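A.B. asks: From the sequence below, what's the structure:
(one chain, ligands or ions: 2)
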Amino acid sequence: MSGFAWVTLATNDSYSLGALVLAHSLKQAGTAHQLAVLVTPGVTNVMRKNLNDVFNVVEEVNLFDSKDEANLRLLKRPELGVTFTKLHCWRLTQFEKCVFLDADVLVLVNADELFERDEFSAAPDVGWPDCFNSGVFVYRPSMETYNKLVDFALQKGSFDGGDQGLLNAYFSDWAHKDISKHLPFIYNMCSTACYSYLPAFKYYGGNVKIVHFIGPAKPWLQYFDTESRIVQPSPDLQHLQEVLQKWWDIFCSLIHPKLT
Ligand code: UDP
Ligand code: MN
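C.D. replies: Ligands and ions are numbered 1, 2, ... in the order given. Below you'll find the model as predicted:
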């Protein structure tokens, strides 16, 4: 067993489906590393059983049960709940280094080389490229960093109300300090890039290793024809039909049969 792990998060059963497909995509890409998922009480027992079958670690994170001091202070700011849930990934100190992946991400090609990077590495955000997108990032689990992040969040909040604003404010030298901490866009190709810069997508799209379905158009919300077994993406995701088909092929063959 290596000291490296891919980590994701699911607070409900919909995002758990994303996490399951993501885990299978990592395995199909032949990763050498472990898989961990953070879950909250909103995930049903049936879904936890399925997660347990694929992930090496299923870690319950529950802001309201925890005994540690940082968590108790969080109780005073319930509106930051989902944001803080992601911060729990720093508590997985059984691992030396991790790559966090949102549950709305799909791995197309082995990307184990990401573990050669250091904290804090991430790819630019398409909306404001001097910010990183927090759907894919390399980090080092540490209770010290976790506590510092919580303190920072309590003092300063998050400029966008989510984890991305918080993490960008905390790791504020990312934009200019060390280019090795800028992950190439192919490790977090945001789905909106297909229509905001279509020629680039056509030219470079074949190199993409990790696709991220940001915004409301999630893979599990796309129309899937059960007769033909073909996904019919919404207009804004037309260019990702092939990738969405891969998502649904994994879902139909490896996950759906186990849900009933
Ligand atoms: N998430 C979750 N439940 C929610 C919302 C978010 O588990 O109700 C987790 C999940 O891992 C998700 C991540 O937080 O991928 C970030 O949210 P999302 O991907 O929806 O944000 P976007 O990438 O669209 O900005
Ligand atoms: Mn996401």
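
A.B. asks: For the chain, which segments count as helices?
C.D. replies: Using DSSP state H, the helices assigned to the chain run over residues 13-28, 45-54, 69-74, 81-87, 143-156, 163-170, 193-196, 198-204, 241-250, 256-259.

A.B. asks: ok, the second one near ligand 1 or not?
C.D. replies: No - figure legend: helix 45-54 not in contact with ligand 1 (CB under 6 Å from any ligand atom); closest approach 11.7 Å. To be clear about C-beta, it is placed using only N, CA and C from the backbone, and glycine gets the same treatment.

A.B. asks: could the helices of the chain go into a markdown table alongside mean pLDDT and mean neighbour count?
C.D. replies: Converted to a markdown table, the helices of the chain look like this (pLDDT from 0 to 100; neighbours: other CB atoms under 10 Å):
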| stretch | mean pLDDT | mean neighbour count |
| --- | --- | --- |
| helix 13-28 | 97 | 23 |
| helix 45-54 | 97 | 16 |
| helix 69-74 | 59 | 15 |
| helix 81-87 | 77 | 20 |
| helix 143-156 | 91 | 15 |
| helix 163-170 | 94 | 22 |
| helix 193-196 | 88 | 16 |
| helix 198-204 | 94 | 12 |
| helix 241-250 | 98 | 19 |
| helix 256-259 | 93 | 11 |
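
A.B. asks: any chance of those helices in JSON lines, plus distance to Ile186?
C.D. replies: JSON lines is the format used below for these (distance: least, CB to CB, whole Å):
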{"stretch": "helix 13-28", "distance to Ile186": "15"}
{"stretch": "helix 45-54", "distance to Ile186": "25"}
{"stretch": "helix 69-74", "distance to Ile186": "35"}
{"stretch": "helix 81-87", "distance to Ile186": "23"}
{"stretch": "helix 143-156", "distance to Ile186": "27"}
{"stretch": "helix 163-170", "distance to Ile186": "20"}
{"stretch": "helix 193-196", "distance to Ile186": "11"}
{"stretch": "helix 198-204", "distance to Ile186": "7"}
{"stretch": "helix 241-250", "distance to Ile186": "13"}
{"stretch": "helix 256-259", "distance to Ile186": "29"}
